[in-house]
Every structure is written in C-alpha cells, then in structure tokens.
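Novice: The sequence isn't on hand, but the structure is:
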C-alpha cells in the first residue's frame, strides 16, 4: 500500500446539526424555555417531523445535479464557503503547513470519514464561530474519534474564549476534559498563530508550555499557558482563494476588517474579536481578484460587522468594485444611519443585492440603553435611501433588552410595520456575561443568562410572548426564519432563480404553517402587543 503523505491540519467547518436531534435536545430542556420558544418560530411539522425552511425547500425542490466535488446541490446555508476556513487555510499555507478541509460537517460526512480513515492527519481543528452550545462540537469530536484515534483535536474561536472568560476554573476543566475531550483549546480572539505553533511543536517535539493562549491536557490535569494578544495584521494575511478552487460552488463569505469600532452594550463581538483593524483597499482588491478568477462565485457576503464605516473607505471599496466589474453580486451588514445618496448609488452600481440592518429596536430609549448612538429618525432616512435605489433590506430586532417594556415593544412594532423594510426578524435578547450591559447588572437587577433571564422591567417568558405576538400579527414586512436560513438564505434562493416577490410568498407560506402549529398547539392568540 502506498504510504500517505502527512497532512498537518484538517479544518472542519460548521455543523448544521440534524434538526430532529437538535429540536429534541432543546425540547428536553423545557418547551417553555426561552431557547425552545425562540426555536419554535423556525420550523413546521411535516410528515410528523420537525422541519426547517431549508429542509422543506429541498423536499419541494430535490437537487437536480451535483457540485464539482461530487456533493449533491442541496440548499443549505453552508453552501457559502467559510471565511474562517479560507483565512486559516491561507495562513497555514503561508506558514509552511499543509492543510485539508471540509467546509461543512453535516453534508460532507462521507468525505470527512474518508479523510480521517487514512490516518495521516496530525491535528484536526474545529471552527466554532457560530456555536453557543457544546452539542454540535461534541458531535464533531465523536465523529473524529470514531474514524481516527491518533489526530490531535483543537478547538478555538469565540466558544472557547467565552467559556474561559465566564467559567470558574474547576467547571472549565470539567467542560474541556470531560464534556468535550479535545486535546487543545485556543483561548485567543484570533488564534491562527497558536494553531501554527501547536503544529510545529508536535512535529518537532517542542514544549507545549511555551505556546501562549492554549489549554491542553497533561495527564489528568488541564494546563493553561499565559494569555498574550496575537498581533497578526489582516492586510498581511488576505485569503488566496485559489487554494480552495475545487470547493467554492457559488457563495463565499469574506471580510475586509476585523472586530468592530462600536461598543453596543448588548454585543460581545468586539471582546471576542480583539482590536479593530481594516485591510487597505489594494489588498481587498487582490483577494477579490483571486475569488473572481474561480469563475464559480455568484454572490459574496462581506461579513464585516460595520462594512460601511468609515464611510470614505467604504466608498473607495465600492469604486474599486465598480472598476473591476467582478462577476459576482454582494450583500453585507450595513449601518443605515451613515447612508447618503452617493454611497447608496455606488452600492447599487457595484452589485449590492441587499443589506442586513442591525436595527435592534424601534424605540429611541432602548437604542440609548443599547448604546447604539442613533435615533429612529436616522434609521428611517437610511432605509428610505436604500429603498429608492432598490436595495433589499432585512431588519434585525432584539426584544427584551434591559429597560424594555410593553410600550417600547409597541414602538418597535410600529417601526417594523411602517419603516419600509422588505424582511425582518425579531429575536429574544441573549443575556451574555461578556457583554457591556452586564457591567450594569446591579442597576437593572439582571438575573440568569443566555435565554433564561429577568431584569427590572421584563423577563424572558414575557419577551417570548411579545415576540410570538409580533410573529403572529405582522403581515408586512416578511418574517425570515433564523435557524439554517437567516439573511444569507435569502440570496441562496435568489441565485437559484427565485425572484424577491416569489421569495416573500414562499416565506409567508412557510410562516403560515408555523403560525398554525403555534396556535394549534398552544391556543395563544395573536393580538398586537
């Protein structure tokens, strides 16, 4: 048998867990819990089985062809090539490490098992960007160990850094050593430097204790090395998309900045992501040229938390996109209070399809509590400009933030109904100890965390009631399911040939079935809050 050459690192992307299994896990935590009630707005019962909108679409429209790597062309959000895998793979290659990858876990299990069976993988790194629970990580780890007993398993990303910040040492050791059982945990807002150092230490039998920002097992003990901020510059590590040419099928996620310059009090992202930094337009242009040369990309998602800030840089990027006449459309996050006529005209000319607006509330008081540094009037002006140029808008709202009352929710309902949005979603506030609002825990008498909380003006069950009323009563704009769909799912369906009017009809048909499930099972009535 031909000896397999060693691969330094296998990267594993997002685990879109089997929904029947995931729904059961949350239901067993309590059908009245905030987590389950939030999930309950995302699925229907089809043939006696909990079914998400992406699964329902695949039932109605079975894939007619395969991708160029042999995988079936199912609709799922993991069709988008992971920005984390693209970045880490490029970084590994630049630093002399060989790598392989699977972009998603669920739809690539046969291919992943084949890679693991070869037994030639030094370390396997699990991307954890979107996880708030251990369940999808545990599923991946069990799968790895089933097919390969020698590869060292590494976990990093926001999941690890959050646990390290918010969990006492004894509980953290139990989670890492017993619940998860990986070999290394990278505790860094970035982590790419630590990943390379682990690989080189294992290859050259160097001391692991000399590597900063990691946890690792030594016998029955969990060792932690000192925290040291990594200072890698995004501009020096732009993605080489040519490394991934066989697996980018139509959708790619990328970024032009790291972290966020704002300090919204509900958001822990800046603390996860570290110091804010941007890449120069010239570096962005070179990366996008490598992406466009693939010839397969239909739509690019710029995942920068604040793509259009600062405005002058954003306009420079837009002019660069127009000059190059790339063959893809694009969508992004967008702070509409900074929009002006020139900006929005450039967006349209450069191929912008739509924008995700993190509006969060239609109440000036709650926006002030959130430290959003904006008034509702500026939102309305920005949405009006986007609408004038035919750019599709999706508004995201948080219900239940400290200070929220039924009156402030009514203000949000009025804004949703009259603000001119195309799509929207209202979510339960996620109480996370790492966020700035938690520093005012005593002022607002905040108790609990995640989706189970209370504060001086509201608790999570009441907020769930209000969200359900919003869902049950607002007809326009169109509610977008979150689980396995969300904003990115809109563009996946558009590029499968679905017009925006037909997409709205499809979502409304699905949402009508969710409403029937809710009112049939619970008897809740849909009066406006």
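Specialist: Good, I have the coordinates. Source: prediction; values computed, not measured.
Novice: Am I right that residue 25 is in contact with residue 135?
Specialist: Yes: counting by CB atoms under 8 Å, residue 135 is a contact partner of residue 25 at 5.9 Å. C-beta: built from backbone N, CA, C; applies to glycine.
Novice: quick one: common contacting residues for the two?
Specialist: Overlap of the contact sets of residue 25 and residue 135 (by CB atoms under 8 Å, 6 or more residues apart in numbering) is empty.
Novice: what's the spacing between stretch 87-99 and its chain's center?
Specialist: 23 Å (CA atoms, centre = their mean, to the nearest Å).
Novice: ditto for stretch 53-60
Specialist: Offset of stretch 53-60 from its chain centre (CA atoms, centre = their mean): 21 Å.
Novice: What average pLDDT does it get?
Specialist: In this model, stretch 53-60 has a mean pLDDT of 93.
Novice: Let's test this: mean pLDDT of the strand or helix carrying residue 25, rounded?
Specialist: With the criterion set as DSSP states H and E, the secondary-structure element containing residue 25 is helix 19-28. Helix 19-28 shows a mean pLDDT of 92.
Novice: buried set for it?
Specialist: Of all the residues in helix 19-28, those buried under the rule 16 or more other CB atoms under 10 Å are 19, 22, 23, 26.
Novice: Which single one of these is nearest to residue 201?
Specialist: residue 22 (35.9 Å; CB to CB).
Novice: residues in contact with the helix or strand of the chain with the lowest mean pLDDT?
Specialist: Least confident element among the helices and strands of the chain, by mean pLDDT, DSSP states H and E: helix 269-273 (a mean of 78). Surrounding helix 269-273, the residues in contact under the criterion CB under 8 Å, 6+ apart are 158, 161-162, 165, 189, 258-260, 262-263, 276, 305, 434-435.
Novice: what kind of secondary structure is the closest residue to residue 414 other than its chain neighbours in?
Specialist: Excluding its sequence neighbours, the residue lying closest to residue 414 (CB to CB, 6 or more residues apart in numbering) is residue 362, at 6.4 Å. For residue 362, the secondary structure call by DSSP: H, G, I helix; E, B strand; the rest coil comes out as coil.
Novice: before we move on, back to that, let's see if you can find the most crowded of the contacts of helix 269-273.
Specialist: Neighbour counts for the contacts of helix 269-273 peak at residue 161, which has 26 neighbours (criterion: other CB atoms under 10 Å).
Novice: how close does that one get to residue 128?
Specialist: Using CB to CB, to the nearest Å, we find residue 161 at a distance of 10 Å from residue 128.
Novice: Ok, residue 451 next?
Specialist: Residue 451 is 19 Å from residue 128, where distance means CB to CB.
Novice: same deal with residue 78?
Specialist: Between residue 78 and residue 128 the computed distance is 15 Å (CB to CB).
Novice: just residue 268 next, same as before
Specialist: Residue 268 sits 14 Å away from residue 128 when distances are taken as CB to CB.
Novice: wouldn't the residue nearest to residue 414 be in contact with residue 404 here?
Specialist: No: the criterion here is CB under 8 Å, and residue 362 misses it with residue 404 at 11.6 Å.
Novice: for residue 297, what are its contacts?
Specialist: Contacts here follow CB under 8 Å, 6+ apart; on that basis residue 297 touches 248, 250, 251, 252, 291, 327, 328.
Novice: Mind telling me what element it is part of?
Specialist: Per DSSP H and E, residue 297 falls between elements, in no helix or strand.
Novice: Not counting sequence-adjacent ones, nearest residue to it?
Specialist: Excluding its sequence neighbours, the residue lying closest to residue 297 (CB to CB, 6+ apart) is residue 328, at 4.6 Å.
Novice: is it true that the one you found touches residue 300?
Specialist: Yes: with contact defined as CB under 8 Å, residue 328 counts as touching residue 300 (5.2 Å).
Novice: list the residues that contact both of these two?
Specialist: Each of residue 291 lies in contact with both residue 328 and residue 300 under the rule CB under 8 Å, 6+ apart.
Novice: ok, those two, which is more surrounded?
Specialist: Set side by side, residue 328 and residue 300 show more neighbours around residue 300, with 25 against 20, by other CB under 10 Å.
Novice: Now do the contacts for the more buried one.
Specialist: 251, 252, 253, 254, 288, 291, 328, 329, 330, 331.
Novice: which SSE is the residue nearest to residue 211 when sequence neighbours are not counted in?
Specialist: Residue nearest to residue 211 in three dimensions, not counting chain neighbours: residue 197, with 4.5 Å by CB to CB, 6+ apart. Applying DSSP H and E as the criterion places residue 197 in helix 192-204.
Novice: helices or strands up against that helix?
Specialist: Contacts of helix 192-204 with other secondary structure elements, assessed using 3 or more CB pairs under 8 Å, 6 or more residues apart in numbering; DSSP states H and E, are made with strand 7-14, helix 83-94, strand 121-126, strand 152-155, strand 184-186.
Novice: For the stretch 401-529 of the chain, which residues score under the pLDDT cut-off?
Specialist: Across the stretch 401-529 of the chain, the ranges flagged by pLDDT under 70 are 521-529.
Novice: ranges for the helices of it?
Specialist: In order along the chain, the stretch 401-529 of the chain carries the following helices (DSSP state H, counting those that start in this stretch): 406-418, 441-444, 460-473, 486-494, 500-522.
Novice: In the longest one, which residues are buried?
Specialist: What that stands for is helix 500-522. If you call a residue buried by 16+ other CB under 10 Å, then helix 500-522 has these buried ones: 500, 503, 504, 506, 507, 510, 511, 513, 514, 515, 517, 518.
Novice: Make JSON lines from those and add distance to residue 47 to it.
Specialist: Formatted as JSON lines, these follow (distance: CB to CB, whole Å):
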{"residue": "500", "distance to residue 47": "29"}
{"residue": "503", "distance to residue 47": "24"}
{"residue": "504", "distance to residue 47": "26"}
{"residue": "506", "distance to residue 47": "19"}
{"residue": "507", "distance to residue 47": "21"}
{"residue": "510", "distance to residue 47": "15"}
{"residue": "511", "distance to residue 47": "19"}
{"residue": "513", "distance to residue 47": "13"}
{"residue": "514", "distance to residue 47": "16"}
{"residue": "515", "distance to residue 47": "19"}
{"residue": "517", "distance to residue 47": "14"}
{"residue": "518", "distance to residue 47": "19"}
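Novice: out of these, who's nearest residue 113?
Specialist: Closest to residue 113 out of these is residue 510 (33.0 Å), distances taken as CB to CB.
Novice: Spell out which residues make up each domain of this structure.
Specialist: Dividing the chain into domains by automatic domain parsing, as the record does, gives the ranges 1-14+76-232, 234-522.
Novice: Any idea which of those gets closest to residue 38?
Specialist: When the domains of the chain are compared by CB to CB, domain 234-522 sits nearest residue 38, at 4.9 Å.
Novice: Now do the closest one: distance to the chain's middle.
Specialist: Mean-position distance between domain 234-522 and its chain equals 11 Å (CA atoms, centre = their mean).
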